[in-house]
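Novice: using only what follows, build the 3D model:
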Amino acid sequence: MPATPDESTRTTADPDQGASFPARLKYAYLTLFHPEIPEDAPAQQRWEARVEGPMIIVSIIFLILFIWASIGRADARWTRIAEYGMWLTWWAFIVDYVTRLYLAEHRARWFWRHFHEFLLVVLPWFRPLRLLRILPVIFLVQRFSASNKRVTVAAYTGVASVLLILISALSIYDVEHGNPDSQIATFFDAVWWSIVTVTTVGYGDITPVTTGGRYIGIAVMLGGIAVAGVVTATFASWLVQQVEDEDTAALQDQQQAVNREIKGMRREVDQLRGQISRMTEQQELLLRQLSAAGDQPPAVPPVPPKKERPSRGKQGWPHRHKDSD
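Specialist: Residues are numbered from 1 along each chain as shown. Below you'll find the model as predicted:
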């Protein structure tokens, strides 16, 4: 298989290697639009790798067209063009889903495992749910996320929150705008209601009055609770990690002190071993000398003769020999 463009650059721009943001951006582009597909990859995997980038572009185009159709209602001609464009992008997602289902090895199993994608294809037939087609944009965040899971979760949460606010604002504006009893007269009112609802604040100054708007409100409230839970869990995890890092730093300092003591004790043990080794060599040398000297009798120094003391008589005087008289 021929090499993809800038293949060497892709290796250096791998997000897991701590690359800069431009490098991550280039890596994302290469991964999305010039993927490395193994030669033995199944047909479904080949298709998904080739269309992942284009389908994300189609999702963004769909979002732009929906905003255009929802807000720019003054010009009926351009609004109609935007509607046609949304239908075309929608059919692109239908073709992608049907193709992947057809290329799957076990179609029934794949269908139930990807049932949410089936809902994303079917539910947008209802106008308020069309913006569900923008959800594939979230997967683009994975190309920029770091190896740290907490950073990945934070990135997903941030993008999901922005998309949730935008989708809910556009949806509620599309449903409520034009209703004489509705308090949502401008798109800013829709954005304000969306932010208040997603953040679970609920001032109550703006409420939907249509049935479709209330269903959208229920979905936004559930999504806001989920986002708030993820944000709280991520922040709590970060705090726990900070405490664990401090404990880990203290344990590392203690470990380093223990390692220094162990190294000092090892040096002393090595010195003692050297001394013992030298003493052992001296002892063996001395034993060899003693063994060599044991074959000859040891030289005994001469004992000096003892001097005889003169004997005394009864009176304690020394006896004289007769010859001396």
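Novice: surely I37 is in a helix?
Specialist: No: secondary structure of I37 (DSSP: H, G, I helix; E, B strand; the rest coil): coil, not part of a helix.
Novice: give me the three-state assignment for the closest residue in space to A228 that isn't next to it in sequence.
Specialist: Excluding the flanking residues, the one nearest A228 by C-beta to C-beta, 6 or more residues apart in numbering is T200, at 5.7 Å. (C-beta placed from N, C-alpha, C; glycine too.) Following three-state DSSP, T200 is assigned to coil.
Novice: what's the local residue count around T200?
Specialist: Neighbour count for T200, taken as other C-beta atoms under 10 Å: 12.
Novice: ok, it - contacts?
Specialist: M221, G224, I225, A228 (C-beta atoms under 8 Å, 6 or more residues apart in numbering).
Novice: of the residues you listed, buried ones?
Specialist: The neighbour-count test (16 or more other C-beta atoms under 10 Å) marks G224 as buried among these.
Novice: now, the contacts of T200 that are in helices?
Specialist: If you go by DSSP state H, these have M221, G224, I225, A228 in helices.
Novice: please enumerate the helices of the stretch 51-200 of the chain.
Specialist: 76-103, 107-113, 115-122, 149-176, 187-198 (DSSP state H, counting those that start in this stretch).
Novice: list the buried ones in stretch 60-80?
Specialist: F62, L63, L65, F66, I67, W68, A69, S70, I71, T79.
Novice: in this structure the last one contacts F66, no?
Specialist: Put plainly, it is T79. No: judged on C-beta atoms under 8 Å, T79 makes no contact with F66 at a distance of 11.1 Å.
Novice: ok, the buried residues of stretch 60-80 vs I276, which is closest?
Specialist: If you rank these by distance to I276 using C-beta to C-beta, L63 comes first, at 81.0 Å.
Novice: report pLDDT for that closest one.
Specialist: Reported pLDDT at L63 in the predicted model: 78.
Novice: distance of it from L32?
Specialist: 17 Å (C-beta to C-beta, to the nearest Å).
Novice: can you check S168 too?
Specialist: Counting by C-beta to C-beta - S168 and L32 are separated by 27 Å.
Novice: more neighbours: those two, which one.
Specialist: S168 (25 against 18).
Novice: if we can go back for a sec, looking at the helices of the stretch 51-200 of the chain, which is closest to A292?
Specialist: Between the helices of the stretch 51-200 of the chain, helix 149-176 lies closest to A292; by C-beta to C-beta that is 76.7 Å.
Novice: next, the buried residues of the closest one.
Specialist: Those would be 152-157, 159-161, 163-176, for helix 149-176 by 16+ other C-beta under 10 Å.
Novice: relative to helix 187-198, how tilted is it?
Specialist: 130 degrees (axes from the mean of the first three to the mean of the last three C-alpha atoms, to 10 degrees).
Novice: brilliant, that's me finished.
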